[in-house]
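*Asks:* one predicted model, sequence on top.
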Amino acid sequence: MSANLDTLIPNAMQIRKEAALKEAEKAEEYAKLAAAAEAEKNALIERLSKPSGKTEDEKIKLAASIIQRAVRNGLTEVLVYRFPNTLCTDKGRAINQQEAGWEKTLTGIPKEIFQLWSDYLKPRGYRIGYQIIDFPGGVPGDIGVTISWGD
């Protein structure tokens with residue numbers, strides 16, 4: 001019965017080793033997934049930090065479409081873009097502090113949006129707002145861009 005018992009009930013030390021191996025496999029898989037997610041995030045930030053490649057005409061049509069949809073829904077402002085604070089040269093500090101010249105910290109697509117507003121929407125009475133919209137861990141996170149036309 002002793003030999004049979006050893007096959008039925010494994011040694012506790014062996015079970016601990018197997019459990020440790022399983023935990024190590026789980027940790028390795030988690031690390032791979034985390035690394036893949038981080039690489040994907042970095043690729044997205046890299047893409048967003050560069051110009052969009054859209055023509056001025058395409059940008060204007062997109063802005064008009066967004067604004068018209070918001071108006072049809074009875075809104076007087078619309079969140080047009082959300083981006084990570086790493087697309088600002090100071091990680092959003094100037095925006096958070098509402099410092100003069102904050103727009104000079106913008107890069108890539110967020111900078112394009114500001115330029116589009118400045119060139120085409122501002123002369124037509126539209127306002128733009130860039131503000132930190134979340135504070136993960138108490139520090140500035142993503143930034144939202146709002147276009148408004150109401151009082």
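*Replies:* Perfect, I can see it now.

*Asks:* and the strands in this structure?
*Replies:* 77-83, 127-132, 143-148 (DSSP state E).

*Asks:* and the longest helix for this protein?
*Replies:* Longest helix in the chain, counting residues (DSSP state H): helix 12-48.

*Asks:* now that helix and strand 77-83, what's the angle there?
*Replies:* 120 degrees (axes from the mean of the first three to the mean of the last three C-alpha atoms, to 10 degrees).

*Asks:* helices or strands up against helix 12-48?
*Replies:* With contacts defined as 3 or more C-beta pairs under 8 Å, 6 or more residues apart in numbering; DSSP states H and E, the packing partners of helix 12-48 are helix 108-116. Quick note: C-beta positions are derived from backbone N, CA and C, even for glycine.

*Asks:* got a list of contacts for the helix it packs on?
*Replies:* Identification of contacts with helix 108-116 by C-beta atoms under 8 Å, 6 or more residues apart in numbering yields 48-52, 56, 59-60, 63, 80-81, 83, 87-88, 103, 106, 128, 130, 143, 145.

*Asks:* pLDDT score for Leu44?
*Replies:* Per-residue confidence at Leu44 stands at 63 (pLDDT).

*Asks:* what of the one 3 residues further on?
*Replies:* Listed pLDDT for Arg47 reads 67.

*Asks:* what do you get for Ser2?
*Replies:* For Ser2, the model assigns a pLDDT of 59.

*Asks:* okay, domains of the protein per the record?
*Replies:* 2-48, 56-148 (automatic domain parsing).

*Asks:* and of the strands of the chain, who's closest to Ala20?
*Replies:* strand 77-83 (42.2 Å; C-beta to C-beta).

*Asks:* partner strands of that closest one, with direction?
*Replies:* strand 143-148 (antiparallel) (DSSP bridges).
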